[in-house]
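>>> Next input, structure requested:
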Amino acid sequence: QVQLAESGGGLAQAGGSLRLSCAASGRTFGSYVVGWFRQAPGKEREFVASIAWSAGSAYYADSVKGRFTISRDNAKNTVYLQMNSLKPEDTAVYYCAADLRGIGTTRGANVDHWGKGTLVTVSS
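Residues are numbered from 1 along each chain as shown. Okay, here's the model as predicted:
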């Protein structure tokens, strides 16, 4: 069983940057697909980005493409989400997610493993 712990959320101004981290414990990411979802107040959870741990292939939601970058550190068993050119509409709780079967690109309804989330607030 893998446990996920996010960090790095906080307050940023529009146009600024933040980097989120997701560290795994219990087992290595190995063959997992790992990624990020977010949920803004009053909205449904939505996919942000994912990376296949072994292949390194990444996918992004259209809303963050070109601004966010997902990456991994094998030695630290950690996934990062570098968020640049932040917009107020990026304000949300960001959740790390992992699943051996993949995490999809919608709302993550069938994802096995979740972190507790970290709040990102972008001011205008």
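
>>> burial of the closest residue to residue 124 other than its chain neighbours, as a residue count?
Leaving out its chain neighbours, the residue that sits closest to residue 124 by C-beta to C-beta, 6 or more residues apart in numbering is residue 88, at 4.8 Å. Quick note: C-beta positions are derived from backbone N, CA and C, even for glycine. Using other C-beta atoms under 10 Å, residue 88 has 11 other residues around it.

>>> cool, and residue 34?
If we define neighbours as other C-beta under 10 Å, then residue 34 has 25 of them.

>>> cool, and residue 20?
25.

>>> what's across from it in the sheet?
Here residue 20 sits in beta bridges with residue 81, as judged by DSSP bridges.

>>> Would you confirm that it contacts residue 78?
No: in this structure, residue 20 is not within contact of residue 78 by C-beta atoms under 8 Å, at 10.3 Å.

>>> tell me the phi and psi of the residue nearest to residue 124?
The phi and psi values for residue 88, taken as degrees, to the nearest 10, are phi -60, psi -30.

>>> So which residue is smack in the middle of this structure?
residue 36 (2.3 Å; C-alpha atoms, centre = their mean).

>>> Disregarding flanking residues, what is the spatial nearest neighbour of it?
Per C-beta to C-beta, 6+ apart, closest to residue 36 is residue 48, 4.2 Å.

>>> And for residue 96?
Per C-beta to C-beta, 6+ apart, closest to residue 96 is residue 22, 3.5 Å.

>>> what do you get for residue 85?
residue 67 (4.6 Å).

>>> wait, what's in contact with that neighbour?
Counting by C-beta atoms under 8 Å, 6 or more residues apart in numbering, residue 67 makes contact with 83, 84, 85, 86.

>>> Which ones among the residues you listed map onto strands?
residue 83 (DSSP state E).

>>> can you put the contacts of residue 67 in TSV and add neighbour count and distance to residue 109?
As requested, the contacts of residue 67 are exported to TSV (neighbours: other C-beta atoms under 10 Å; distance: C-beta to C-beta, whole Å):
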residue	neighbour count	distance to residue 109
83	25	24
84	14	29
85	13	29
86	22	27
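
>>> right, and the pair among the contacts of residue 67 with maximum separation?
Greatest spatial distance in the contacts of residue 67: 83 and 85, 8.2 Å, computed using C-beta to C-beta.
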